[in-house]
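Trainee: curious how this folds, go ahead:
(chains A, B, C and D)
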Protein chains: 2
Amino acid sequence: MAQKVKLSTIAETLGLSTATVSLALRDSPLVAEITRERIKEEARVSGYIYNRRAASLRTSKSGIVGVCVHDIMNPFYGEILKSVENELDRHRQTFVLCNHYDELSKQRAFLETMLQLGADGLIMSPAIGTPASDIRLAEDNDLPVTLIARTVDGSGVTSFRGDDTYGMSLVVDHLIAEGHRKIAMIGGTDLTSTGRDRELGYRQALERAGIDYRPDWRIQGPRSRHSGFDAAAEFLALPDRPDAVVCFSDLVALGLMYGLARAGLRPGIDIAVCGYDDIDEAAIAMPPLTTVSNGQSEVGQRAAGALLARLAGEPARESLELITPHLRIRRSSRLGGTGD
Amino acid sequence: MAQKVKLSTIAETLGLSTATVSLALRDSPLVAEITRERIKEEARVSGYIYNRRAASLRTSKSGIVGVCVHDIMNPFYGEILKSVENELDRHRQTFVLCNHYDELSKQRAFLETMLQLGADGLIMSPAIGTPASDIRLAEDNDLPVTLIARTVDGSGVTSFRGDDTYGMSLVVDHLIAEGHRKIAMIGGTDLTSTGRDRELGYRQALERAGIDYRPDWRIQGPRSRHSGFDAAAEFLALPDRPDAVVCFSDLVALGLMYGLARAGLRPGIDIAVCGYDDIDEAAIAMPPLTTVSNGQSEVGQRAAGALLARLAGEPARESLELITPHLRIRRSSRLGGTGD
DNA sequence: CTGAAAGCGCTTACAG
DNA sequence: CTGAAAGCGCTTACAG
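Mentor: Now for the predicted structure:
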């Protein structure tokens, strides 16, 4: 491009003012239909590129929404993001992604960048240890925030997530109904609301059934496929080994099943395994994985919707929107039974 | 924030000019050390937020690099992106992600957005059907492009990808060495360079071994775990069924293995299955998957490096940088054999 | 229905 | 070592 084409270039070529050109390109009815068409045609043929930085500097709207999660390669987040993306696309918002890998410094750098770029809003699954003040910093600088999957107390904003305590209790109830009494739980951490809530659901369900909680059957930590795989060895070495396992997530369960299979134990035959999230892979895994549908697409859609409402002027308020999870019974938990 | 703090606010407070403040905040030696410290301190306590839109409007540098791939939820791209992210992070570039899902319109919308935001550069794995002119449009508007994983002829820019033809021939050679003669290939499409090149490697390896290519043993299409799973039925119905399969990707292979196992066929025992890419999961899968390491992190790192060089002023040139793939032999391909 | 002018918040020569 | 002034490319009252 020899010479950059800008509004004023078009205005000069056509003998109009930049004001008219600006209005016409945004389809303002203030400009006569015929003038509008001439202007648009000229913009097209001259290869005009709208300069959003300039516009944004003037209007203080950027059309950018930031999205920050633990790791987009995790299908659980991926599925949420897909529905967020869908929703934002329809409102012509550009969507800027970031992984924080639970490093507060990464999350802060991203937040700072969004502030500097004048982002219109932020959707985040806060990193471990996020203080409420980080979220208020954004809000105080006109950057509305909506939380997903995890909660931060005192943030003053709306969070969307599944009802993890209830969901986990559904799984454990199911295993108990299948006749299991020795049920381990693998994965998750006390440091996130998700981890705490799912463990609570596990303990409550045991308690309701009159089964003692055994700390040695609670293996904390794993949150990925790989660490689930690694946990198999630890599980197999457990004293008085349980015959059923609930996992923090599907990813952990799928990794664990690989690990158990490698050790010669057949998931769904020798041992019951359940996951959490009902990611796409759960239904086709071998064996098909019993899990809890955690409403990823609903979380994404509602979170995006709530953020758009904030952009449209709705005030912030602290609230927790719980999506009701559903049990998906498949073969991995039905020893000797049938199922898909 | 009652009142937005800007450069001029700081300048007034301190009785300095905005020029001095601007220079000081960017650590210019033109400003006296002591003045610089006063300014930075004031910026800190007043909660100043640097306005990148304004700066970028002035300098026409935005600090943004766009990255556009088929689907970031695909671990193959995820692994590339992780290393791109690493590299860009070190140069304090903000990294804006986009999935095009092989829809040209989505890719174009993203390209347009990057142009409007004045992005400094673009890394992309071009959508099916991307014309060279789309890439030249970016280049002509001062938006340097580097391609990954796929190539576009006549683009005039550098591409980084694995040597797919050679890589696929390694797998097929290995199966032949294991004694297989009836080898199917599942997945991939003629519409991408990756699909074409991997199929070519398959056919060349067969030819070298004097084995006829059988079109009915070439199942095109699958490129995801789910479609790999679905392809199992088609494969099982094949006339004169092969006893070995090479897949377009690990994801396809992993899905296929789920499908075969569900049908009662044991991958790695009754049938040999190989993947491509060597994603993290391949090594822990059950059975562990024989595959080809495709150098994802090298692709990402070198592509990011090349783009940074372009940003630093290096001219564009059309070239193809092939990363040499390596065979990873695991249990899925060694019927009756041993391995990890 | 269209135009002249100010201003968004920075950076960059240029002057002193 | 610091300041005054112009300008990046838009949009928005305001006037006509």
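Trainee: ok, what's across the strand from A:Ile271?
Mentor: Beta-bridge partners for A:Ile271, by DSSP bridges, are A:Pro267.
Trainee: next structured bit after the lowest-mean-pLDDT helix or strand in chain A?
Mentor: Counting by mean pLDDT, DSSP states H and E, chain A has its least confident helix or strand at strand A:94-99, which shows a mean of 88. Using DSSP states H and E, the next helix or strand after strand A:94-99 towards the C-terminus is helix A:104-117.
Trainee: now do that following helix: which elements does it pack against?
Mentor: strand A:64-69, strand A:94-99, strand A:121-124, helix A:132-140, helix B:52-59 (3 or more CB pairs under 8 Å, 6 or more residues apart in numbering or on different chains; DSSP states H and E). Every C-beta, even on glycine, is put in place using the N, C-alpha and C of the backbone.
Trainee: quick one: distance of stretch A:196-212 to the chain centre.
Mentor: 26 Å (CA atoms, centre = their mean, to the nearest Å).
Trainee: touching that stretch from outside, list them.
Mentor: A:164-173, A:176, A:181, A:183, A:185, A:188, A:190, A:213, A:218, A:246, A:248, A:276 (CB atoms under 8 Å, 6 or more residues apart in numbering or on different chains).
Trainee: pull out the buried members of these.
Mentor: When the contacts of stretch A:196-212 are checked for burial by 16 or more other CB atoms under 10 Å in any protein chain shown, the buried set is A:164-173, A:176, A:183, A:185, A:188, A:246, A:248, A:276.
Trainee: excluding its backbone neighbours, what's nearest A:His226?
Mentor: Nearest residue to A:His226 in three dimensions, chain neighbours excluded: A:Gly255, at 6.0 Å (CB to CB, 6 or more residues apart in numbering or on different chains).
Trainee: moving C-terminal of the helix or strand containing the one you found, what's the next helix or strand?
Mentor: Here A:Gly255 is covered by helix A:250-262, with elements defined by DSSP H and E. Where DSSP H and E defines the elements, the next helix or strand beyond helix A:250-262 is strand A:272-274.
Trainee: surely the residue nearest to A:His226 meets A:Ser227?
Mentor: Yes - here A:Gly255 lies in contact with A:Ser227, judged by CB atoms under 8 Å, at a distance of 6.9 Å.
Trainee: so for the two, which residue has more residues nearby?
Mentor: A:Gly255 (27 against 17; other CB atoms under 10 Å in any protein chain shown).
Trainee: wait, what's in contact with the more buried one?
Mentor: A:Gly255 sits next to A:222, A:224-232, B:284 when contact means CB under 8 Å, 6+ apart.
Trainee: which of those residues fall within helices?
Mentor: Among the contacts of A:Gly255, the members found in helices (DSSP state H) are A:225-232, B:284.
Trainee: looking at the contacts of A:Gly255, which is nearest DNA strand C?
Mentor: Nearest to DNA strand C among the contacts of A:Gly255 is A:Ser224, at 40.4 Å by CB to the nearest atom of the strand.
Trainee: I'd like the distance between the closest residue to that closest one other than its chain neighbours and A:Asp212.
Mentor: Spatial nearest neighbour of A:Ser224, chain neighbours left out: A:Leu251 (5.8 Å); criterion: CB to CB, 6+ apart. According to CB to CB, to the nearest Å, A:Leu251 stands 29 Å off from A:Asp212.
Trainee: what residues does the stretch 1-150 of chain A put near chain B?
Mentor: The stretch 1-150 of chain A has residues A:1, A:49-54, A:56-57, A:62, A:72-73, A:75, A:78, A:82, A:85, A:94-99, A:112-113, A:115-118, A:140-142 near chain B, with proximity defined as CB under 8 Å from any CB of the partner chain.
Trainee: so which of the residues you listed reach DNA strand C?
Mentor: Filtering the residues of the stretch 1-150 of chain A next to chain B for proximity to DNA strand C by CB under 7 Å from any atom of the strand leaves A:54, A:57.
Trainee: buried subset of the residues of the stretch 1-150 of chain A next to chain B, written for PyMOL?
Mentor: The buried residues among those can be selected in PyMOL (16+ other CB under 10 Å) with this line:
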select buried, chain A and resi 49+50+51+52+53+54+56+57+62+72+73+75+78+82+85+94+95+96+97+98+99+113+115+116+117+118+141
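Trainee: list the contacts for the residue positioned nearest the centre of chain A?
Mentor: What sits nearest the mean C-alpha location of chain A, by CA atoms, centre = their mean, is A:Tyr77, with 3.9 Å. By CB under 8 Å, 6+ apart, the contact set of A:Tyr77 is A:69-71, A:125, A:149.
Trainee: kindly recompute the last result at 7 Å.
Mentor: A:69-71, A:125 (CB atoms under 7 Å, 6 or more residues apart in numbering or on different chains).
Trainee: do A:Glu139 as well
Mentor: By CB under 7 Å, 6+ apart, the residues touching A:Glu139 are A:145, A:156-157, A:316.
Trainee: recalculate using a threshold of 10 Å.
Mentor: A:122, A:145, A:155-157, A:310, A:316, B:1 (CB atoms under 10 Å, 6 or more residues apart in numbering or on different chains).
Trainee: not counting its neighbours along the chain, what's nearest A:Val31?
Mentor: A:Val31 sits nearest to A:Ala24 (CB to CB, 6+ apart), 4.4 Å away.
Trainee: for burial, what's the neighbour tally of the residue nearest to A:Ala138 when sequence neighbours are not counted?
Mentor: Distances taken as CB to CB, 6+ apart put A:Val145 closest to A:Ala138, at 5.2 Å, once the chain neighbours are dropped. Neighbours of A:Val145 under the rule other CB under 10 Å: 28.
Trainee: give me the phi and psi angles of A:Val145.
Mentor: The phi/psi pair for A:Val145 (degrees, to the nearest 10) reads phi -120, psi 140.
Trainee: that one reaches A:Arg310, doesn't it?
Mentor: Yes - using CB atoms under 10 Å, A:Val145 makes contact with A:Arg310 at a distance of 8.4 Å.
Trainee: identify the contacts common to these two.
Mentor: Joint contacts of A:Val145 and A:Arg310 (CB under 10 Å, 6+ apart) are A:121-122, A:139, A:157-158, A:316.
Trainee: most neighbours among those, which one?
Mentor: Going by other CB under 10 Å, A:Leu122 tops those with 27 neighbours.
Trainee: isn't that residue up against A:Phe110?
Mentor: Yes - counting by CB under 10 Å, A:Leu122 does reach A:Phe110; the two are 8.9 Å apart.
Trainee: hang on, the earlier thing: what angle separates the least confident helix or strand of chain A from strand B:94-99?
Mentor: 110 degrees (axes from the mean of the first three to the mean of the last three CA atoms, to 10 degrees).
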